[in-house]
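**Student:** next one to model:
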Amino acid sequence: MDTSYPRESPRASTPRKVDGAAHTALALGSPSPPPRDHLIWSVFSTLYLNLCCLGFLALVHSIKARDQKVAGDLEAARRYGSRAKCYNILAAMWTLVPPLLLLGLVVTGALHLSRLAKNSAAFFSTKFDDADYD
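**Tutor:** Residues are numbered from 1 along each chain as shown. Here you go, the predicted structure:
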């Protein structure tokens, strides 16, 4: 005896009669994942105090995305979540790129100065004869 539940396929699209009314079960695709709001990332971006307050903008859009998700408007939540992600990426770039550029400039400047000092040390260590000054 088969006691498994449900006894009919959940994707069946055949009409059934229950209490004299016809019902149709529709086969729906797999549900889409809920939109992401990137709230934790936005909080960290805000607390790190990056340039142009991009972390704060990301936090605002993340909160709006969460509010829209709770309200049931998944398309608006997806849009706000996408904007929050973009602002977080821009905030990370603004935070990481300038120190890396500064480090690169310091390293190349130090290398250039060391070569310059080495060449000038050879110039200043040249010994002249007394006859050169006559």
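
**Student:** what about Leu100, which SS state?
**Tutor:** helix (DSSP: H, G, I helix; E, B strand; the rest coil).

**Student:** pLDDT value on it, please?
**Tutor:** Leu100 carries a pLDDT value of 94.

**Student:** now it: how far from Val106?
**Tutor:** 11 Å (Cβ to Cβ, to the nearest Å). All C-beta spots, glycine's among them, are computed from the backbone N, C-alpha and C.

**Student:** now Arg36
**Tutor:** For Arg36 relative to Val106 (Cβ to Cβ), the value is 38 Å.

**Student:** more neighbours: which of those two?
**Tutor:** Neighbour tally, Arg36 and Val106, criterion other Cβ atoms under 10 Å: the higher count belongs to Arg36, 17 against 10.

**Student:** which one is the more buried one nearest to, not counting chain neighbours?
**Tutor:** Gly81 (5.1 Å; Cβ to Cβ, 6 or more residues apart in numbering).

**Student:** would that neighbour count as being in a helix?
**Tutor:** Yes. Assessed by three-state DSSP, Gly81 belongs to a helix.

**Student:** roughly how far out does whichever strand or helix holds Lys64 sit from the chain middle?
**Tutor:** Using DSSP states H and E, Lys64 sits in helix 54-71. Distance, stretch centre to chain centre, for helix 54-71: 14 Å (Cα atoms, centre = their mean, to the nearest Å).
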